[in-house]
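**Student:** My questions are about this predicted structure, shown below with the sequence.
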Amino acid sequence: MNQFFLPNEYVNLSRKIKMIISGKSGTGKTWYALTAPRPLAILDLEGGSLVYHSKSTLFEAFDRLQTRSIQEIEAAVKSLESDTHYQSIVIDPITIYYELLQEAYQEKRILKSKNDDAALAMKDWGDIKKRYKSLLTRLINLDKNIIIITREKDVTQEVAGQQVVVGFREDCEKSTEYMPDISLRLSLSGAIRKCLIKKDRTITYQSGAIIELPKFETWLDNLPKGSDNIIIEPDDKAAEKNSQALEAKKPAPVSSEVNLPEEWSNWILRINAFRSPVEASNWWNKHKEEVKALCSQEAAHELYQMIVDKSAQLKTTERKSTMVANELYKVMGKKDL
């Protein structure tokens, strides 16, 4: 048996419902999520569950946290990792959590730059997505039924000079839909709520089917009921481990060797002073035999790599200069140059 891969009979997995629900306002996203198995708790970010909270004739009791605090949302999700009470958790809608992160980082950027029009930087977007995916992974990893509600946005396309709606997509971070096993889009047909099965890894329903809303138990019957909950490693932890693995395999720089020749420091200064790739190439061709004679094989290779890196840097600079010159030539014309 391969040490990395296990056949199905060696896997004893447990899986609860992991679902994302999208749809226009009023299609019953919150209502349907609140029919999930009890005990149930909802992270309510827009107050949509309040009207149902006292409707004991429609719903069994459920617990709710209404908040728009990033810290409170994240702390609540973290607390569920040690919770053994709830069977189902709803977040409604995750769209707002994504918006709250953007607004917070935008405000942080404005305060830092003292510019009310400051835009989010690339690093800001990286931090936002990292924090968002961390919460999403924590939710999916919970040994509970997870129902993620998201608002919906139109997908438009220009037709004959006008923007025409050609489809719909979840209004949240674009990778969100990949993690849940079930993806539904709710709609109304008269007074009847229906759903499009966008994805169903449980193979309970065929993708693309449009059906009346089924009971949650229908999916539960088709999920594995082993003892090992499926855990997805969070991106930040995976990145940290992989970074450590790369560092562990990285050879120590030979510049720390005690037996380097006296010429070593002068060579480094000379490499840093190169002004063109041709100069770098000529220097190496002239001195490579001397370098190989005075250095260990590892040290000679490191010096050669320094020259290669410097040459690549100079080529990039030359290319940019040429592009600028060409643009000037186009704008000013040959006579002006």
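**Tutor:** Received the coordinates, thanks. Numbers count the residues shown, from 1 in each chain.
**Student:** What average pLDDT does stretch 40-53 get?
**Tutor:** Averaged across stretch 40-53, pLDDT comes to 90.
**Student:** Return the backbone torsion pair for residue 117.
**Tutor:** phi -100, psi 10 (degrees, to the nearest 10).
**Student:** need the strands for the chain, in chain order.
**Tutor:** In the chain, the strands defined using DSSP state E lie at 13-14, 18-23, 40-44, 63-66, 88-92, 145-149, 152-159, 162-170, 182-189, 192-200, 210-212, 228-229.
**Student:** and the fifth one, what other elements does it pack with?
**Tutor:** In terms of contacts (3 or more Cβ pairs under 8 Å, 6 or more residues apart in numbering; DSSP states H and E), strand 88-92 is packed against helix 29-33, strand 40-44, strand 145-149. (C-beta placed from N, C-alpha, C; glycine too.)
**Student:** what's the angle between it and strand 18-23?
**Tutor:** Angle of strand 88-92 versus strand 18-23, following axes from the mean of the first three to the mean of the last three Cα atoms, to 10 degrees, is 30 degrees.
**Student:** Return the most buried member of the helices and strands packed on strand 88-92.
**Tutor:** Comparing those by mean neighbour count (mean count of other Cβ atoms under 10 Å), strand 145-149 ranks first with a mean of 26.
**Student:** Now it - C-alpha only, CSV.
**Tutor:** Extracted in CSV, the C-alpha atoms of strand 145-149 (Å, rounded to 0.1, in the frame of the first residue of the first chain):
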residue,chain,number,x,y,z
ASN,A,145,-24.4,21.4,9.3
ILE,A,146,-23.3,24.7,7.9
ILE,A,147,-25.6,26.9,5.8
ILE,A,148,-24.0,29.9,4.2
ILE,A,149,-26.4,32.5,2.8
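**Student:** just to revisit the earlier point, Serialize the helices and strands packed on strand 88-92 to CSV and add fields for distance to residue 264.
**Tutor:** CSV is the format used below for the helices and strands packed on strand 88-92 (distance: least, Cβ to Cβ, whole Å):
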stretch, distance to residue 264
helix 29-33, 67
strand 40-44, 60
strand 145-149, 58
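**Student:** Need phi/psi at residue 45.
**Tutor:** phi -100, psi 0.
**Student:** My guess is it contacts residue 68. True?
**Tutor:** Yes: with contact defined as Cβ atoms under 8 Å, residue 45 reaches residue 68; the gap is 6.1 Å.
**Student:** what residues do the two have in common as contacts?
**Tutor:** Common contacts of residue 45 and residue 68 (Cβ atoms under 8 Å, 6 or more residues apart in numbering): 96, 100.
**Student:** Could you list the domains of the protein?
**Tutor:** Using automatic domain parsing, the domain parsing of the chain gives 11-240, 251-332.
**Student:** what's the distance between the last one and the middle of its chain?
**Tutor:** Between the centre of domain 251-332 and the centre of its host chain there is 37 Å, according to Cα atoms, centre = their mean, to the nearest Å.
**Student:** Please list the residues outside stretch 231-238 that contact it.
**Tutor:** With Cβ under 8 Å, 6+ apart as the test, stretch 231-238 has contacts from 130, 133-134, 137-138, 140-141, 179.
**Student:** Quick check: buried residues in it?
**Tutor:** Residues of stretch 231-238 classed as buried: residue 234 (neighbour count, 16 or more other Cβ atoms under 10 Å).
**Student:** Looking only at neighbour counts, state which of residue 45 and residue 68 leads.
**Tutor:** More crowded of residue 45 and residue 68, by other Cβ atoms under 10 Å: residue 45, with 22 against 15.
**Student:** contacting residues for the residue lying closest to the more buried one once chain neighbours are set aside?
**Tutor:** Excluding the flanking residues, the one nearest residue 45 by Cβ to Cβ, 6 or more residues apart in numbering is residue 96, at 4.0 Å. For residue 96, the contact set (Cβ under 8 Å, 6+ apart) comprises 45-46, 68.
**Student:** What is the neighbour count of the nearest residue to residue 292 once chain neighbours are set aside?
**Tutor:** Leaving aside its sequence neighbours, residue 292 sits nearest to residue 300 (Cβ to Cβ, 6+ apart; 5.2 Å). A count of nearby residues for residue 300, using other Cβ under 10 Å, gives 16.
**Student:** Same question for residue 122.
**Tutor:** By other Cβ under 10 Å, 7 other residues sit near residue 122.
**Student:** As a check, name the ranges of all helices in the stretch 1-150 of the chain.
**Tutor:** Counting by DSSP state H, counting those that start in this stretch, the stretch 1-150 of the chain has helices at residues 29-33, 50-53, 70-79, 94-113, 122-141.
**Student:** Name the spans of the stretch 201-337 of the chain whose pLDDT lies under the cut-off.
**Tutor:** Where the stretch 201-337 of the chain drops to pLDDT under 70, the residues are 227-228, 248-258, 320-337.
**Student:** Next one: residue 166 from residue 195, what distance?
**Tutor:** Distance of residue 166 to residue 195, given as Cβ to Cβ, to the nearest Å: 20 Å.
**Student:** How about residue 141?
**Tutor:** If you go by Cβ to Cβ, the gap between residue 141 and residue 195 works out to 25 Å.
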